[in-house]
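1. I'll drop the sequence and a predicted model, then ask my questions.
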Amino acid sequence: MVKQKQFLKDIKKKSKHAPQVPSTADEYLAAGVDFEEAGEKWRGGDAAKSARFFVRAIDCYDEGLRKFPTSFDLAYNKARVQYELTQYPKLLKQLPGSLLDLLKTALDSSRYALKVQGDDADALFNTGQVLTSLAEVLNTGAGYDGDVQRSFKLLEEAMEIFGNCLSIQEMQYAEFLAQLAQYNSGEVPESPAPTQPAPRDGPDTSASSSTSEKEEWATVITPVTKEVILETILAQLETATNICSLLAQDPHVVEMVTTYIEPVIEKSRTYIEGTEKQMDLAIAQAKFVSAVTDAKYSSQRSGPGGAEEYVSIVENAWKQLDLDASAEGLSNRAEAFITCSNSIRISPDGQTEAGSNLRWNVLTWAGKDLKAASKFREDENIGKIYNTMGDVELWRFQLAMPPTNLKAAVAHKATLIKNAETYYRGARVLTENGDPEQHNEASVKEILAKALSGAADAWPGSPSAAAMQILEEAVDEGLVRVGQI
């Protein structure tokens, strides 16, 4: 499962009534925040209306920046909203341009915000998130043909930016602890410097003593906490995992990333106690171990230990985690097992009976995890979960085909293909008004499963170009063979 992105550190909020015609940077920010709040109000219902309000917020911040180009708060909010819109499929459908174009625009805006104030930890964090999203789309997005080197450069930059962000956060956290110790000791701290206006945190909502007084903005500085630092460490781990998965065939890069991330993992132990991030960190570490192990296996294939050692290491990385309450965790573990199966499939081990048995086992484990995850019907990735359940059944179905002819798969062949059809149908229904990419994939694969079960009239005419692309990807992934379509 592709993990859904963490949402950005939310530094806007809240405003009183913004002036009709803004004339200062603060007033432009107040107007933009009002538009954002209207967009949030309609986001769960009218996606078109919600998107229009968010676009008006961006336009307001942009207009303000043309007049006040050094306003970091306007630049920050503009970049933040542009990226947030790309994370909501329903809103994304309302916007002109491709996801790739929208992410590029968000990256340009994020870079501009850092140009104005390059040491802001929140802006650094958000820029890293945009970079990782852009790399993901370039490598795996429909129609982008896997631009590996460009994706790697973006992920490499994200790693550096997250590292800078972490350094700043640790410094701020140390300063906070020093001030807290000074306060607890009874020492009187020096009077703070006057607060500078900073509409990024939103306007002061206290009542004005006079209706003629102009509304004032004030920065509300929230101390950096251990949880905030751990969010950045988790982002680093995710980025490192993505690099290892992207360049699994390059042992030099994998070794370099492993060397870089080991002290980061060690550092996480300094901050984890007393937080609620233990499970998040454990999942992130298991994903990283799985990715590194896959990279080593993929570059060596049947080296020392071979496929059995590979599967054992991945299994043990996840074994101690109680994921029953986490759809994301269950999906991530299933994805690790699926990766095991696919890596073995394209290796010499995949042609052996032992390798086929290993694939059957890990796919069975993946199916159990996905079935447990599918109970979380409100999860935003429910369509993807059901599509992947269908994929798992098709992979197991293919193990019944020559030359493998795996006995367990042959014995359950009819059930497996029927299950696949059922799961794809479920994904299609669940995404009817949601993620269009998952919906289209489910629609095509449901027909594919019907065809594989022997239905003569499964294909209603010639497949469209989009359907053909999905089928070509299915062939590449080993879900179906050319002669079976």
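-> Nice, I can see it.
2. what's the pLDDT at Gly303?
-> Note for Gly303: predicted pLDDT of 49.
3. Now do the same for Arg396: helix, strand or coil?
-> helix (DSSP: H, G, I helix; E, B strand; the rest coil).
4. I meant to write Glu187 there.
-> Applying three-state DSSP: Glu187 is coil.
5. List of residues touching the lowest-mean-pLDDT helix or strand in the chain?
-> Lowest by mean pLDDT, DSSP states H and E among the helices and strands of the chain is helix 89-92, with a mean of 86. Helix 89-92 has contacts (CB atoms under 8 Å, 6 or more residues apart in numbering) with 43, 47, 50-51, 54, 85-86, 99, 102, 433-437. Where you see a C-beta, it was placed from the backbone N, CA and C, and this is true even at glycine.
6. Do you have the helices of the stretch 51-200 of the chain handy? List them.
-> Counting by DSSP state H, counting those that start in this stretch, one finds helices in the stretch 51-200 of the chain at the ranges 72-85, 89-92, 99-116, 121-140, 148-184.
7. And the stretch 251-400 of the chain, by the same measure?
-> For the stretch 251-400 of the chain, applying DSSP H, counting those that start in this stretch gives helices covering 251-271, 278-300, 306-319, 327-345, 353-373, 382-398.
8. between those, which gets nearest to Gly186?
-> Smallest distance to Gly186 across those (CB to CB): 27.5 Å, for helix 251-271.
9. ok, now how distant is Leu102 from Thr86?
-> Per CB to CB, to the nearest Å, Leu102 is found 5 Å from Thr86.
10. Likewise for Ser341?
-> Here Ser341 is placed at a distance of 31 Å from Thr86 (CB to CB).
11. Okay, now the unreliable bits of the stretch 101-250 of the chain?
-> 141-146, 188-221 (pLDDT under 70).
12. quick revisit: as TSV, the helices of the stretch 251-400 of the chain with mean neighbour count and distance to Glu187 would be great.
-> Shown next, in TSV, are the helices of the stretch 251-400 of the chain (neighbours: other CB atoms under 10 Å; distance: least, CB to CB, whole Å):
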stretch	mean neighbour count	distance to Glu187
helix 251-271	15	26
helix 278-300	21	35
helix 306-319	18	47
helix 327-345	24	45
helix 353-373	21	52
helix 382-398	25	54
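13. Need those helices in JSON lines (columns: mean pLDDT).
-> What follows is the helices of the stretch 251-400 of the chain, written out as JSON lines (pLDDT from 0 to 100):
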{"stretch": "helix 251-271", "mean pLDDT": "95"}
{"stretch": "helix 278-300", "mean pLDDT": "95"}
{"stretch": "helix 306-319", "mean pLDDT": "96"}
{"stretch": "helix 327-345", "mean pLDDT": "97"}
{"stretch": "helix 353-373", "mean pLDDT": "97"}
{"stretch": "helix 382-398", "mean pLDDT": "98"}
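14. Would you mind putting those into CSV with distance to Gln149 alongside?
-> Formatted as CSV, the helices of the stretch 251-400 of the chain follow (distance: least, CB to CB, whole Å):
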stretch, distance to Gln149
helix 251-271, 11
helix 278-300, 17
helix 306-319, 26
helix 327-345, 21
helix 353-373, 30
helix 382-398, 27
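15. which stretch among those helices comes nearest Ala408?
-> Nearest of the helices of the stretch 251-400 of the chain to Ala408, taken as CB to CB: helix 353-373 at 5.7 Å.
16. related to what we said a few turns ago, and the least confident helix or strand of the chain, how far out from the chain middle?
-> Distance of helix 89-92 from the chain centroid (CA atoms, centre = their mean, to the nearest Å) equals 15 Å.
17. With stretch 37-45 instead?
-> 22 Å.
18. Enumerate every residue touching Leu399.
-> Counting by CB under 8 Å, 6+ apart, Leu399 touches 356, 359-360, 406, 408-409.
19. mind redoing it with 7 Å?
-> Contacts for Leu399 (CB atoms under 7 Å, 6 or more residues apart in numbering) come out as 356, 359-360, 406, 409.
20. just Leu452 next, same as before
-> With CB under 7 Å, 6+ apart, Leu452 has these contacts: 417, 480, 484.
21. cool, Leu234 as well?
-> Here Leu234 is in contact with 280-281, 284 (criterion: CB under 7 Å, 6+ apart).
22. in which helix or strand would I find it?
-> Here Leu234 is covered by helix 226-246, with elements defined by DSSP states H and E.
23. Just name the closest of the contacts of Leu234 to Asn164, please.
-> Ala284 (19.8 Å).
24. how much space between the closest one and Val264?
-> 11 Å.
25. Ok, Arg56 next?
-> For Arg56 relative to Val264 (CB to CB), the value is 40 Å.
26. Can you say which two of the contacts of Leu399 are spatially most distant?
-> Arg359 and Ala409 (9.5 Å).
27. Could you find the closest non-adjacent residue to Phe35?
-> Nearest residue to Phe35, sequence neighbours excluded (CB to CB, 6 or more residues apart in numbering): Ala57, at 3.7 Å.
28. give the contact list for the one you found.
-> 32, 35-36, 39, 81.
29. again, 8 Å this time
-> Contacts of Ala57 (CB under 8 Å, 6+ apart): 32-33, 35-36, 39, 77, 81.
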